[in-house]
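**Q** no sequence on this one, just coordinates:
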């Protein structure tokens with residue numbers, strides 16, 4: 001598949017590993033709170049984990065709420081954790097907030113650049129492909145990641161939800177990035193791990209949706225659109 005004129009990249013869990021595999025992360029974090037939770041065995045920890053993640057799913061599937069809370073991920077975690085613990089009979093918002101904040105800090109410390117991210121992006125630039133970085137979230141949070149992983153100078157255009165005023169999957173997000181790159185949708189790819197944001201929405205504009213699936217999750221069974229291409233490593237883009 002020949003390279004396009006432009007590629008739009010997602011940031012979180014595409015160029016950097018940020019929020020992937022939350023089940024394992026929550027189990028690990030909650031284990032350190034076993035004493036205050038009174039959760040002294042694996043089933044007890046699992047009940048708390050399941051409740052927290054269930055409340056998070058409920059929050060994030062509400063599109064209106066999600067648009068608000070994407071700009072305050074730590075706040076969203078506090079809310080989900082408070083609701084989960086209340087559901088389980090804990091009357092301790094301070095404990096819920098401590099757990100949520102500890103998870104946020106653990107995740108921040110464990111952000112990692114995917115091993116082939118820099119090499120892939122640099123190879124695409126050298127090949128003459130115009131590159132943009134599109135990410136949802138708050139400006140300060142996302143800019144800190146971009147600087148931490150030396151990404152800013154690698155892209156002609158960087159577009160952050162908290163700065164632009166809209167986030168994926170709003171079609172205006174992709175249109176604006178394409179305009180800034182001077183490229184038509186039919187000559188561009190969107191690359192990322194979120195099926196709705198990086199496959200379904202871009203394809204509505206005529207872009208190629210390249211789905212990044214590093215954990216081999218497979219196309220969602222509920223998917224109504226098929227990705228133009230599936231990759232498990234970023235380096236596949238230039239091979």
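**A** Here it is on my side, so go on. Just so we're clear, the structure is a prediction, and the values are computed from it rather than from any experiment. Numbering: from 1, shown residues only.

**Q** and the gap between the residue nearest the centre of the chain and residue 3?
**A** Nearest to the geometric centre of the chain sits residue 12, at 4.0 Å (C-alpha atoms, centre = their mean). From residue 12 across to residue 3, the span is 24 Å (C-beta to C-beta, to the nearest Å). The C-beta positions use only the backbone N, C-alpha and C, and glycine is treated the same way.

**Q** Relative to residue 232, how far out is the nearest residue to residue 36 once chain neighbours are set aside?
**A** Leaving aside its sequence neighbours, residue 36 sits nearest to residue 95 (C-beta to C-beta, 6 or more residues apart in numbering; 5.7 Å). Distance, residue 95 to residue 232, using C-beta to C-beta: 39 Å.

**Q** again with residue 7
**A** Distance from residue 7 to residue 232, by C-beta to C-beta: 17 Å.

**Q** Those two: who's more crowded?
**A** residue 7 (26 against 12; other C-beta atoms under 10 Å).

**Q** what about residue 222, neighbour count?
**A** By other C-beta under 10 Å, neighbour count at residue 222 equals 6.

**Q** So it, which state does it fall into?
**A** coil (DSSP: H, G, I helix; E, B strand; the rest coil).

**Q** Okay, domains of the chain per the record?
**A** Residue ranges of the domains in the chain are recorded as 6-18+112-238, 22-110, according to automatic domain parsing.

**Q** Helix or strand: which one has the residue nearest to residue 36?
**A** helix 93-110 (DSSP states H and E).

**Q** residues making contact with that helix?
**A** For helix 93-110, the surrounding residues in contact (C-beta atoms under 8 Å, 6 or more residues apart in numbering) are 17-19, 25-26, 28-30, 32-33, 36-37, 73-74, 77-78, 80-82, 84-86, 90.

**Q** Longest helix of the protein, counting residues only.
**A** In the chain, assigned by DSSP state H, the helix with the most residues is helix 42-61.

**Q** buried stuff in that one?
**A** 45, 48-49, 51-52, 55-56, 59 (16 or more other C-beta atoms under 10 Å).

**Q** Tell me the helix or strand right after it.
**A** Next along from helix 42-61, by DSSP H and E: helix 63-69.

**Q** From the contact counts, what lies against that next one?
**A** helix 42-61, helix 73-87 (3 or more C-beta pairs under 8 Å, 6 or more residues apart in numbering; DSSP states H and E).

**Q** buried sites along it?
**A** In helix 63-69, the ones that count as buried by 16+ other C-beta under 10 Å are residue 69.

**Q** Contacts for that helix next, please.
**A** With C-beta under 8 Å, 6+ apart, helix 63-69 has contacts from 59-60, 75-76, 79, 167.

**Q** And the furthest pair within those residues?
**A** 79 and 167 (18.8 Å; C-beta to C-beta).

**Q** just the contacts of helix 63-69 now: which is nearest residue 216?
**A** Nearest member of these to residue 216, counting by C-beta to C-beta, is residue 60, at 22.7 Å.

**Q** Okay then, goodbye and thanks.
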